[in-house]
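Student: Here is a sequence together with a model predicted from it:
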Amino acid sequence: MRGPDPYAFAAGYYDLFRAKLGDEALPSVSFFTEFAPSDGYALEIGPGTGRATLAVAAKVAGLVCLERSATMRAVLLAKLAERPHLQARVTVLDVAVPPFRLDRRFDYAYFGGVLEHIRPADRPHLFRAVADHLADGGLLAMDMVLRQPAPDFPERVVDEVTVGECRYELAAAATALGPDESQLTYIYRTFHEDRLLATEKVERRHNMHRPEPVLADLAAAGLAPAPGLVFAGVSAEDPGGVVVRKEASA
Ligand SMILES: C[S@@+](CC[C@H](N)C(=O)[O-])C[C@H]1O[C@@H](n2cnc3c(N)ncnc32)[C@H](O)[C@@H]1O
């Protein structure tokens, strides 16, 4: 059963707070685009507002996106509406993984910024479902395979953007619930000429996924590290990218 959508309100602000970082913004669009096979078929889980989707869609023959948030899907569809040349190539489905079943195979699967939403107990099912949808030799790329401690910090302003006469502020706080789990709070505040107009609070869980158990679950699903492509994040700036290949007959 699906819980509340933590992006129901935040979808409209998601790109706003990333735009000023350009190519440095995480999840890394260039990381996920690099492995997309020219003229192949790709599967994206959790495309969100489509930051990577648009770049990957420009490269591949077809892309299927599985996104559980109605508002994130709406933002992605609005972007596709402005890009008629991509519309025939991108299919956006209302699916919360795992499980999922599409009765077809892909050359490439990827998910950026999604693992934090996946409970460790669901991770083997997710990897197995993805492996079942990959062609032999197909690649799977993900980020957020990290060694840092679970976040734990008091409320602080983490970003702000001015649009016209309004200033949008994002504050965050985290409480570690264990070594691999935190409770995150995001507070979106809107100001007009320094007067607070609106406050919206979003709370959700954040799961940490460590390299060793992730690689073990991938191996159990028949997904082996592509040589030189396991990065496993070691710093705050490191997205913790991992790329694996589906072995024949997995
Ligand atoms: C942090 S956002 C990342 C969005 C996008 N991939 C990017 O790189 O900007 C995480 C996205 O994954 C989606 N998501 C999280 N868990 C999911 C699940 N179990 N099934 C499908 N989508 C999921 C969320 O709704 C959200 O759109």
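Tutor: Received the coordinates, thanks. Residues are numbered from 1 along each chain as shown.
Student: which is the next helix or strand following the lowest-mean-pLDDT helix or strand in the chain?
Tutor: For the chain, using mean pLDDT, DSSP states H and E, the weakest element among its helices and strands is strand 223-230, scoring a mean of 77. Using DSSP states H and E, the helix or strand that follows strand 223-230 in sequence is strand 242-246.
Student: Sheet partners, orientation included, of that following strand?
Tutor: strand 134-142 (antiparallel), strand 223-230 (antiparallel) (DSSP bridges).
Student: Identify, out of those strands, the most deeply packed stretch.
Tutor: Mean neighbours per residue, mean count of other Cβ atoms under 10 Å, is largest over the strands paired with strand 242-246 for strand 134-142, with a mean of 20. No exception for glycine: its C-beta is placed from N, CA and C like everyone else's.
Student: so how far is that strand from its chain's centroid?
Tutor: Averaging C-alpha positions (Cα atoms, centre = their mean, to the nearest Å) puts strand 134-142 17 Å from its chain's average.
Student: which helices and strands sit right next to the helix or strand following that strand?
Tutor: Scanning forward in sequence from strand 134-142 by DSSP H and E, the next helix or strand is strand 153-163. Counting contacts by 3 or more Cβ pairs under 8 Å, 6 or more residues apart in numbering; DSSP states H and E, strand 153-163 is packed against helix 11-19, strand 166-178.
Student: remind me, longest helix of this protein?
Tutor: In the chain, taking DSSP state H as the definition, the longest helix is helix 70-81.
Student: ok, residues contacting it?
Tutor: Under the criterion Cβ atoms under 8 Å, 6 or more residues apart in numbering, residues 5, 7-9, 11-12, 14-15, 47-50, 53-54, 65, 67, 86-87, 90, 92, 94 lie in contact with helix 70-81.
Student: could you pick out which of these are near the ligand?
Tutor: Among those, the ones lying near the ligand by Cβ under 6 Å from any ligand atom are Tyr7, Pro47, Gly48, Glu67.
Student: Save those as a markdown table, and put in neighbour count, secondary structure and pLDDT too.
Tutor: Output for those, formatted as a markdown table (neighbours: other Cβ atoms under 10 Å; DSSP: H, G, I helix; E, B strand; the rest coil; pLDDT from 0 to 100):
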| residue | neighbour count | secondary structure | pLDDT |
| --- | --- | --- | --- |
| Tyr7 | 24 | coil | 94 |
| Pro47 | 29 | coil | 98 |
| Gly48 | 25 | coil | 98 |
| Glu67 | 27 | coil | 98 |
